[in-house]
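K.L.:
kindly return the folded structure for what I paste below:
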Amino acid sequence: MSPSRSLSSYYTPRSPSSRRPSHVSIPRLRDAIHRIDSKMASLMSEKHELESYLEQAVRLQSPVLRIPSELLGSIFVISVFGMGDDNPVMVSTLMLVCRYWADVVLDTPILFSKISVSPHDSIDKARRKLARSKSCPLDISINFGPRMEYTSRITEHVMHAMDLIRPALWRTRSFSLSVPNRPQAHAALARCQEEAPLLETLSIQIYHSMQEDHYSSPHLPLFKGHTPRLTSCSLTSFIFGWDLRLVSRLRVLKLGGYFNGYAPSSSTLLGILAQCPDLEELTLRNMSDVDSDPCYRAVVEDLELLPISKVIRLPRLTKVTFYYSGNVFTRTIMRQISLPNLESLEMCYLENVSQVLQLLYEQALTRLPLKYLRIESCLFNELKFVNLLRRLPSLATLDLVDTEDASSSFLKALSSPQSWVCPRLETVVFDGCTSFDWDSLRTFVESRLPANSYPQYQSIEAFRSRNIAVASSSASACARRRPIVRSASHAVLPGPKRIRSMDVTRCNQISKEMVQWLRMYVPQVKCEAAKGLWGETFA
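P.N.:
Sure, this is the predicted structure:
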């Protein structure tokens with residue numbers, strides 16, 4: 001209907017004076033309404049089309065969509081792998097944003113380089129990632145945990161996973177295998193008969209190693225003995241005959257879970273260490289049967305009386321952990337190696353470690369930049385321990401867990417202002433240590449407060465005596481002494497660092513009020529709240 005055309009051509013209204021019914025053309029009115037609706041629909045369609053064009057034009061102005069696809073792919077890689085374990089971005093989430101992002105993800109093969117097969121990650125998903133990763137280096141993980149009730153199914157899944165991954169072993173950068181028992185591990189590793197020129201990290205963990213499964217034997221050597229880039233090796237209960245081709249030229253060596261006579265001898269381990277001059281981290285866990293034989297103890301003790309023929313020097317070794325690895329075995333290893341750059345040492349469940357402390361003291365006479373020391377459930381001579389601490393000026397963290405030999409005299413040695421012991425100490429842990437009393441702990445904390453807490457003195461004893469003297473003297477005498485004291489304060493050497501963190505968990509001699517006092521001078525205090533008594537936990 002044109003604008004000039006009025007409705008009178010379709011409908012003539014009835015005048016009030018007229019008594020005859022007006023003639024109304026109903027079909028013509030309906031046709032007019034239909035034509036108007038059609039025009040409105042076409043206009044709305046045109047409007048929606050223009051709105052979509054406008055939205056697309058606005059979206060194209062976004063800086064994200066103007067980033068080149070290669071740079072956007074690098075951002076995706078950082079988001080997926082560079083965020084660590086704290087809220088990583090999932091690849092599937094990126095693909096759901098838009099079609100452009102999905103195309104960029106598919107054109108970035110490194111996003112699919114981390115392949116995992118587990119009860120939560122299916123083989124189909126691994127096959128899809130393997131195809132999308134193209135030819136980039138892979139990080140492969142097969143983890144089925146310690147569950148034993150579905151042994152046959154786990155074995156089947158492990159075999160299928162290894163058959164899938166086997167053609168890609170030539171571009172595998174890291175390989176991790178975790179299965180319940182040795183037969184499953186040996187059956188899976190039997191597929192690893194191709195060379196691995198890019199393999200850098202190898203981890204094999206067998207959870208149930210105490211069972212009678214000695215009838216199975218691995219197919220050696222793994223990867224045809226060709227792993228030129230292997231630098232990190234972590235083996236738990238895996239019997240590989242101590243083949244030096246697998247554990248040479250390493251930077252990280254972790255061995256654990258060797259029982260029933262499968263643990264390596266001290267000479268075997270020293271031979272391995274001799275092949276790893278660039279070793280940076282050494283961990284020995286759960287190898288107690290190495291010195292359970294009395295004959296072995298007698299032979300080793302006789303050897304300790306002999307002079308050391310050749311010391312293995314490990315200049316890059318910075319972290320050493322001995323966890324339930326046998327006291328005699330640990331002493332033998334520590335006696336034969338030199339650790340000029342050791343920064344972290346853990347000794348747990350080793351019975352009496354006094355001789356090990358003596359070996360460390362002899363090492364500290366030349367160089368021992370130890371920063372972290374942990375002793376758990378061990379016995380030691382307190383005098384030897386204090387002598388060692390006197391030779392560790394760089395020690396920043398001291399962990400003593402369930403050690404009854406850490407008495408009050410030990411804390412008094414750390415509180416002496418004559419010669420500060422461990423002046424850089426900032427974190428102390430006395431978890432389960434009940435041999436020291438509250439007064440010695442309080443003196444230890446007070447003696448290491450900053451200089452502005454006691455502006456004219458370096459020790460709490462001098463500060464307390466100063467308060468008594470000031471209370472009994474006159475104001476004029478104090479005024480006369482003030483410039484003398486200020487001039488002497490400039491000659492005082494700087495004291496130790498303030499204690500920043502302290503753990504007194506399971507210290508029954510420390511009450512709630514004592515913990516509250518500690519929290520006034522120590523920023524972080526951790527303790528265990530007694531149920532029904534305190535009602536809160538200090539952390």
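K.L.:
give the contact list for residue 250.
P.N.:
By CB atoms under 8 Å, 6 or more residues apart in numbering, residue 250 lies in contact with 230, 231, 232, 233, 276, 278, 279. No exception for glycine: its C-beta is placed from N, CA and C like everyone else's.
K.L.:
in PyMOL, select just the buried ones from those.
P.N.:
Remark: buried members of the contacts of residue 250, expressed as a PyMOL selection using 16 or more other CB atoms under 10 Å:
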select buried, resi 230+231+232+233+276+279
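K.L.:
can you put the contacts of residue 250 in JSON lines and add secondary structure and pLDDT?
P.N.:
Shown next, in JSON lines, are the contacts of residue 250 (DSSP: H, G, I helix; E, B strand; the rest coil; pLDDT from 0 to 100):
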{"residue": "230", "secondary structure": "coil", "pLDDT": "93"}
{"residue": "231", "secondary structure": "coil", "pLDDT": "94"}
{"residue": "232", "secondary structure": "strand", "pLDDT": "95"}
{"residue": "233", "secondary structure": "strand", "pLDDT": "95"}
{"residue": "276", "secondary structure": "coil", "pLDDT": "93"}
{"residue": "278", "secondary structure": "coil", "pLDDT": "94"}
{"residue": "279", "secondary structure": "coil", "pLDDT": "95"}
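K.L.:
can you give me every residue that contacts residue 352?
P.N.:
Taking CB under 8 Å, 6+ apart, we find residue 352 in contact with 327, 378, 379, 380.
K.L.:
not counting sequence-adjacent ones, nearest residue to the first one?
P.N.:
Residue nearest to residue 327 in three dimensions, not counting chain neighbours: residue 351, with 4.6 Å by CB to CB, 6 or more residues apart in numbering.
K.L.:
now the contacts of residue 352: which count as buried?
P.N.:
For the contacts of residue 352, a neighbour count by 16+ other CB under 10 Å gives the buried set as 327, 378, 380.
K.L.:
relative to residue 43, which of the contacts of residue 352 is nearest.
P.N.:
Of all the contacts of residue 352, residue 43 sits closest to residue 378, with 86.4 Å by CB to CB.
K.L.:
tell me if the closest one really is in a strand.
P.N.:
Yes. Counting by DSSP: H, G, I helix; E, B strand; the rest coil, residue 378 is located in a strand.
K.L.:
you'd agree residue 174 is in a helix?
P.N.:
No. Applying three-state DSSP, one finds residue 174 to be strand, outside a helix.
K.L.:
show me what contacts the closest residue in space to it that isn't next to it in sequence?
P.N.:
Closest residue to residue 174 apart from its sequence neighbours, by CB to CB, 6+ apart: residue 201 at 3.9 Å. With contact set as CB under 8 Å, 6+ apart, residue 201 has these partners: 173, 174, 175, 176, 230, 231, 232, 233.
K.L.:
break down the stretch 101-250 of the chain into its strands, ranges please.
P.N.:
Residue ranges of the strands in the stretch 101-250 of the chain, as given by DSSP state E, counting those that start in this stretch, are 114-117, 138-143, 172-179, 201-206, 232-236.
K.L.:
picking up where we left off before, list just the nearest of the contacts of residue 352 to residue 286.
P.N.:
Closest to residue 286, out of all of the contacts of residue 352 and judged by CB to CB, is residue 327, at 14.1 Å.
K.L.:
surely that closest one meets residue 354?
P.N.:
No. Counting by CB atoms under 8 Å, residue 327 does not reach residue 354; the two are 10.1 Å apart.
K.L.:
ok, then the element right after the helix or strand of the chain with the lowest mean pLDDT?
P.N.:
When each helix and strand of the chain is scored by mean pLDDT, DSSP states H and E, helix 475-489 comes last, with a mean of 43. Next along the chain after helix 475-489, taking DSSP states H and E as the criterion, comes strand 501-503.
K.L.:
from the contact counts, what lies against whatever helix or strand comes next after that following strand?
P.N.:
Next helix or strand after strand 501-503 toward the C-terminus (DSSP H and E): helix 512-521. Identification of packing neighbours for helix 512-521 by 3 or more CB pairs under 8 Å, 6 or more residues apart in numbering; DSSP states H and E yields helix 438-447, strand 524-526.
K.L.:
any idea which of those gets closest to residue 195?
P.N.:
strand 524-526 (49.9 Å).
K.L.:
and the helices in the stretch 351-500 of the chain?
P.N.:
Counting by DSSP state H, counting those that start in this stretch, the stretch 351-500 of the chain has these helices, from start to end: 354-364, 382-390, 408-415, 438-447, 460-472, 475-489.
K.L.:
and stretch 125-134, what's its mean pLDDT?
P.N.:
The average pLDDT for stretch 125-134 rounds to 92.
K.L.:
list the buried residues for the helix ranked longest in the chain?
P.N.:
Secondary structure of the chain per DSSP state H: the longest helix is helix 26-60. If you call a residue buried by 16+ other CB under 10 Å, then helix 26-60 has these buried ones: residue 32.
K.L.:
of all the residues in the helix or strand following that helix, which ones are buried?
P.N.:
Sequence order places helix 69-81 as the next helix or strand after helix 26-60, per DSSP H and E. For helix 69-81, burial by neighbour count (16+ other CB under 10 Å) applies to 72, 73, 75, 76, 79, 80.
K.L.:
what is the nearest of those to residue 448?
P.N.:
Distance ranking of those against residue 448, using CB to CB, places residue 79 first at 43.3 Å.
K.L.:
tell me the confidence at the closest one?
P.N.:
Here the pLDDT value assigned to residue 79 is 84.
K.L.:
would you check that it makes contact with residue 89?
P.N.:
Yes. At 4.1 Å, residue 79 and residue 89 qualify as touching, with contact defined as CB under 8 Å.
K.L.:
coming back round to it: of all the helices and strands packed on helix 512-521, which one comes closest to residue 134?
P.N.:
Of those, nearest to residue 134 by CB to CB is strand 524-526, at 48.3 Å.
K.L.:
which elements pack onto the closest one?
P.N.:
With 3+ CB pairs under 8 Å, 6+ apart as the test, strand 524-526 has strand 501-503, helix 512-521 packed against it.
K.L.:
any idea which of these is most buried?
P.N.:
Most buried of the helices and strands packed on strand 524-526 by mean neighbour count (mean count of other CB atoms under 10 Å) is strand 501-503; its value is a mean of 20.
K.L.:
just checking, what packs against that one?
P.N.:
Strand 501-503 packs on strand 427-431, strand 524-526, going by 3+ CB pairs under 8 Å, 6+ apart.
K.L.:
return the list of strands paired to that strand, each annotated with direction.
P.N.:
Looking at strand 501-503 with DSSP bridges, its partner strands are strand 427-431 (parallel), strand 524-526 (parallel).
K.L.:
let me have those strands in TSV, extended by distance to residue 268 and mean pLDDT.
P.N.:
Below are these laid out as TSV (distance: least, CB to CB, whole Å; pLDDT from 0 to 100):
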stretch	distance to residue 268	mean pLDDT
strand 427-431	34	94
strand 524-526	41	93
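K.L.:
and which of the contacts of residue 250 is nearest residue 35?
P.N.:
residue 232 (79.1 Å).
K.L.:
list the contacts of the closest one.
P.N.:
Contacts of residue 232 (CB under 8 Å, 6+ apart): 200, 201, 202, 250, 251, 252.
K.L.:
mind listing the residues bridging to it?
P.N.:
Under the criterion used (DSSP bridges), residue 232 bridges to residue 201, residue 252.
K.L.:
and the gap between it and residue 174?
P.N.:
For residue 232, the distance to residue 174 (CB to CB, to the nearest Å) stands at 8 Å.
K.L.:
between those two, which contacts overlap?
P.N.:
Both residue 232 and residue 174 are in contact with 200, 201, 202, where contact means CB under 8 Å, 6+ apart.
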